[in-house]
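Visitor: build the 3D model from these lines:
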Amino acid sequence: MELKGEQILALPREQVWAALNDPAVLKQCVPGCDTFEPEGDNAYKVVMTASVGPVKARFNGALTLSDIEPPVSYKLAFTGSGGAAGFGKGSAQVALAEVDAGTSLTYSVQAQVGGKLAQVGARLIDGVAKKMADEFFTRFSKVVAAPAESDAHASNPDGTASEASADAPADAAAKPSRWWSRS
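Guide: Now for the predicted structure:
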């Protein structure tokens, strides 16, 4: 299977690079990810749950980064075993480039699956892989942009309320919750 794509993120390249190298950010963004922990230099332990058609399994795997050129690109290699469900292994090339709209993130993934996973069919696997990639980038865009947005809504240096506070209803604290009241 081969999967290629490009995402334009309205963020500086250095911010995107830092997020792509932050295990906490990646754990939030990888669909079904339970564990994303450093395990040596440029190596990570990954545990995730994935479903491909009728096959659902918990995968234990490893991810290793190489050919690292900050803040431009890196290669990664991954392997994962889902027990009786099968295995997955592959590699990816990730590259960042500055563009007028922010940062262009391009990726190219080559992967192989075996066991029960291979029996469900290439078309189904390709569809699930594309869906997972789309979900990853949707989450990634939100998570990486979140610090900038929360900074914009923080209180002002003079102590006055920010936009976020101004949007809240003025009497929200005064209204009792209905779940505890008796009719």
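
Visitor: distance between stretch 102-109 and the chain's centre?
Guide: 13 Å (CA atoms, centre = their mean, to the nearest Å).

Visitor: likewise for stretch 42-60?
Guide: That offset, for stretch 42-60, works out to 14 Å (CA atoms, centre = their mean).

Visitor: for the chain, which spans come out with low pLDDT?
Guide: Across the chain, the ranges flagged by pLDDT under 70 are 147-183.

Visitor: report the central residue of the chain.
Guide: In the chain, the residue lying closest to the centroid (CA atoms, centre = their mean) is residue 29, at 2.2 Å.

Visitor: show me the contacts for it.
Guide: 136, 139, 140, 143 (CB atoms under 8 Å, 6 or more residues apart in numbering). For the C-beta atoms, the positions are set from N, CA and C on the backbone; glycine is no exception.

Visitor: doesn't residue 88 lie inside a helix?
Guide: No. Counting by DSSP: H, G, I helix; E, B strand; the rest coil, residue 88 falls outside a helix, being strand.

Visitor: do you know how far it is from residue 50?
Guide: Taking CB to CB, to the nearest Å as the measure, residue 88 falls 9 Å from residue 50.

Visitor: what's the longest strand along the chain packed up against?
Guide: Across the chain, the longest stretch assigned as strand under DSSP state E is strand 55-69. Under the contact definition 3 or more CB pairs under 8 Å, 6 or more residues apart in numbering; DSSP states H and E, strand 55-69 sits against strand 43-52, strand 73-81.

Visitor: kindly reformat these as JSON lines containing distance to residue 107 and mean neighbour count.
Guide: As requested, the helices and strands packed on strand 55-69 are exported to JSON lines (distance: least, CB to CB, whole Å; neighbours: other CB atoms under 10 Å):
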{"stretch": "strand 43-52", "distance to residue 107": "17", "mean neighbour count": "18"}
{"stretch": "strand 73-81", "distance to residue 107": "10", "mean neighbour count": "18"}
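
Visitor: nearest to residue 6, of the ones you listed?
Guide: strand 73-81 (13.5 Å; CB to CB).

Visitor: got the angle for the closest one vs strand 55-69?
Guide: Between strand 73-81 and strand 55-69, the angle comes out at 150 degrees (axes from the mean of the first three to the mean of the last three CA atoms, to 10 degrees).

Visitor: just give me the longest helix of the chain.
Guide: helix 122-152 (DSSP state H).

Visitor: and the helices and strands packed on strand 55-69 as JSON lines, adding distance to residue 20?
Guide: Formatted as JSON lines, the helices and strands packed on strand 55-69 follow (distance: least, CB to CB, whole Å):
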{"stretch": "strand 43-52", "distance to residue 20": "12"}
{"stretch": "strand 73-81", "distance to residue 20": "8"}
